[in-house]
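> I'll drop the sequence and a predicted model, then ask my questions.
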Amino acid sequence: MDMRIASAAAAYASRLARPGAASKEETAGVSGAATGAQDGGFAGLVKSSISETAKSLNTAEAMSRQALVNPADLGQVVAAVASAEVTLQTVVAVRDRVVAAYQDILRMPI
């Protein structure tokens, strides 16, 4: 697994965690999403999913590093990496479906 993916997911999760850090362009497009995050709506679901994905990827990376330094249970390392990979694939699949739905909406006649 590419470690840049884990870093990107962690950076994205930390960006979502700081509500005042978004630029005006980002805020203009997601003004309804900010209120949804407070209500536990779709934005809150996305935010929690990204956080869980980043946590899973960081755990797998930490276990991999620990296995390099100290002899560790190889089964646990493989299980953590496999879990992180499945989580990341799920997030990517959901993202692709959301983008496809958005494109379908854009193609609708007015």
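Arrived safely. The shown structure was predicted, so the numbers you read here are calculated from the model rather than taken from an experiment.
> in the chain, where's the longest helix?
helix 74-107 (DSSP state H).
> against which helices or strands is that helix packed?
helix 3-17, helix 42-69 (3 or more C-beta pairs under 8 Å, 6 or more residues apart in numbering; DSSP states H and E). Bear in mind the C-beta positions are built from the backbone N, C-alpha and C, glycine included.
> which of those has the lowest average pLDDT?
Among the helices and strands packed on helix 74-107, helix 3-17 carries the lowest mean pLDDT, a mean of 63.
> and L57, how many residues sit next to it?
27 (other C-beta atoms under 10 Å).
> my bad, V99
Number of residues near V99 (other C-beta under 10 Å) recorded here: 10.
> and it, how far from A93?
Separation of V99 from A93 (C-beta to C-beta, to the nearest Å) stands at 11 Å.
> what's the answer for F42, then?
For F42, the distance to A93 - C-beta to C-beta - is 17 Å.
> ok, the two, which is more surrounded?
F42 (13 against 10).
> any idea how far that one lies from S49?
Distance of F42 to S49, given as C-beta to C-beta: 10 Å.
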